[in-house]
Structures are given as structure tokens and as C-alpha cells.
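>>> coords please:
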Amino acid sequence: MSQHLTIVNHPLVQHKLSLMREIETPTAVFRQLLRELTQLLAYEITREMPMTTKPIETPMEMMEAPTLAGRKLALVSILRAGNGMLDGVLELIPLARVGFVGLYRDEETLQPVQYYFKVPDRLDERLVIAVDPMLATGNSSVAAIDLLKGAGATNIRFLCLLAAPEGVARMKQAHPDVQIVTAALDRGLNDKGYIMPGLGDAGDRMFGTK
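Below is the predicted model:
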């Protein structure tokens, strides 16, 4: 497993992902599973957050207790599907700052076009976690990371449920310093750019749209 890509093989992660893949899984259950699965993946992606200590008093005595160091983490959703992953991370880290990157694909050029960008300040002093359920072609993810780096971010990680080899390669080429954490590396993309076997369109499944 490369430093660039981490696949979380925990049994609970794999079981919940299999439930999400099933075509019969209803929208409400899909959303709940997404929240739970994101939380499990968040444990892995935050594993190396910087730590310090502070003096506290337990019921027994004073001690130097471990605590998170530095500025609060920045969690950035790549709209719209990334929003379904916010709650899972925020339950773990409720003080995280939240940002949003809005991109759509131009139907003629097939390139991502920015329509919204709002992120916390001082990104250069924060661990920045970008979230999007699918890393397919990698074009929108690369564009989002470009924008975050342009806003000053230097310590960025990318969290997704599923990745395709094409997207991982595209990200590694453009941003080799950005670690990807995912639950599965699937077979590849079909001719419409969907991950196979995948789970369909994550946004449609979580929001009940077609």
C-alpha cells in the first residue's frame, strides 16, 4: 500500500460499503450508512494529527493529558455529494471548520468549472480534509485541490468511499503530496465515467434524486 493511497480494510467498513452498493438499499438507509462509514474512515485519516499535552485534574490527581495541537481542522466538502460525508466527520470533530467547493463539468470541454468557493481562513495552519464520495476520473478532485492550494493549504488529505485506478493515477500525477484514504479501489470506469462495480451516482442515492 503506497503512502499516496490508503485502503481501509476494516471488517465494519467493508460490510457497510457492501450494503451501500446494493441497488435495493433505500435512500434513508444509504444516508445513515454513509454517515457511519465516513466516521470510520475519519479515524484513519486523522491518525497522524499533531498532539501536545495540557495539565488537567482528574478525580485522583493532576496529570499532563494528551490533546490535539494547532489550529482546528478544516473539513471541505466538494459539492454536492461531499455534503453527505460532513456529518460523520463532524460528530468525531465537532469543532472542525467547514468549507465548500462547488464544481460542475462543462459538457463541451468536459473540464470542471468553479461556481462556488468558501473556505475557512488560515488554511496554511490547518490540516485540510477534502471529502467526496467518489474518486472517478479525478478531474473535479484535482481542480478542488488546486483551489485549496491556491487558498494557502499545504497539508491536504482526500477522503472518499470509492476510488477508480484512473482517478488515483490522475491525483498522484497532479498532487503527489495529497494522501487518499478510501474504503475500496474498484475495477475501473465505464464509458460514461462511472466507477465499476461502484454504487451508482452517490449524490442521487443520498438525496433521492435522478
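
>>> Below-threshold pLDDT in the chain: ranges please.
Applying pLDDT under 70 to the chain picks out residues 1-2, 110, 210.

>>> the longest helix in it is where?
Across the chain, the longest stretch assigned as helix under DSSP state H is helix 27-45.

>>> just checking, next helix/strand downstream of that one?
Tracing the chain past helix 27-45, the next element assigned as helix or strand by DSSP states H and E is strand 51-57.

>>> Remind me what the helix or strand that that following strand is followed by packs against, helices and strands.
For strand 51-57, the following helix or strand on the C-terminal side (DSSP H and E) is strand 62-68. Under the contact criterion of 3 or more C-beta pairs under 8 Å, 6 or more residues apart in numbering; DSSP states H and E, strand 62-68 touches strand 51-57. To be clear about C-beta, it is placed using only N, CA and C from the backbone, and glycine gets the same treatment.

>>> Just name whatever secondary elements the longest helix of the chain is in contact with.
With contacts taken as 3+ C-beta pairs under 8 Å, 6+ apart, helix 27-45 sits against helix 11-21, helix 83-92, strand 127-131, strand 155-159, strand 179-182, helix 202-207.

>>> closest to Ile45 out of those?
strand 179-182 (4.4 Å; C-beta to C-beta).

>>> still on that earlier bit, now the helices and strands packed on helix 27-45 as CSV including mean neighbour count?
Shown next, in CSV, are the helices and strands packed on helix 27-45 (neighbours: other C-beta atoms under 10 Å):
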stretch, mean neighbour count
helix 11-21, 16
helix 83-92, 19
strand 127-131, 25
strand 155-159, 23
strand 179-182, 23
helix 202-207, 19
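
>>> Now render those as JSON lines, adding distance to Val119.
Below are the helices and strands packed on helix 27-45 laid out as JSON lines (distance: least, C-beta to C-beta, whole Å):
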{"stretch": "helix 11-21", "distance to Val119": "28"}
{"stretch": "helix 83-92", "distance to Val119": "14"}
{"stretch": "strand 127-131", "distance to Val119": "8"}
{"stretch": "strand 155-159", "distance to Val119": "11"}
{"stretch": "strand 179-182", "distance to Val119": "19"}
{"stretch": "helix 202-207", "distance to Val119": "21"}
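
>>> Select, out of these, the one closest to Glu107.
Short answer: helix 202-207, nearest of the helices and strands packed on helix 27-45 by C-beta to C-beta, at 17.2 Å.

>>> tell me what the closest one is packed against?
Helix 202-207 sits against helix 27-45, helix 83-92, with contacts defined as 3+ C-beta pairs under 8 Å, 6+ apart.

>>> could you give the angle of whichever strand in the chain runs longest to strand 127-131?
Of all the elements of type strand in the chain, the one with the most residues (DSSP state E) is strand 97-105. Interaxial angle, strand 97-105 versus strand 127-131 (axes from the mean of the first three to the mean of the last three C-alpha atoms, to 10 degrees): 40 degrees.

>>> related to what we said a few turns ago, for Arg105, find the nearest of the helices and strands packed on helix 27-45.
Arg105 lies closest, by C-beta to C-beta, to one member of these: helix 202-207, at 12.9 Å.

>>> Please state the offset of the closest one from the chain centre?
Computed by C-alpha atoms, centre = their mean, to the nearest Å, the chain-centroid distance of helix 202-207 equals 16 Å.
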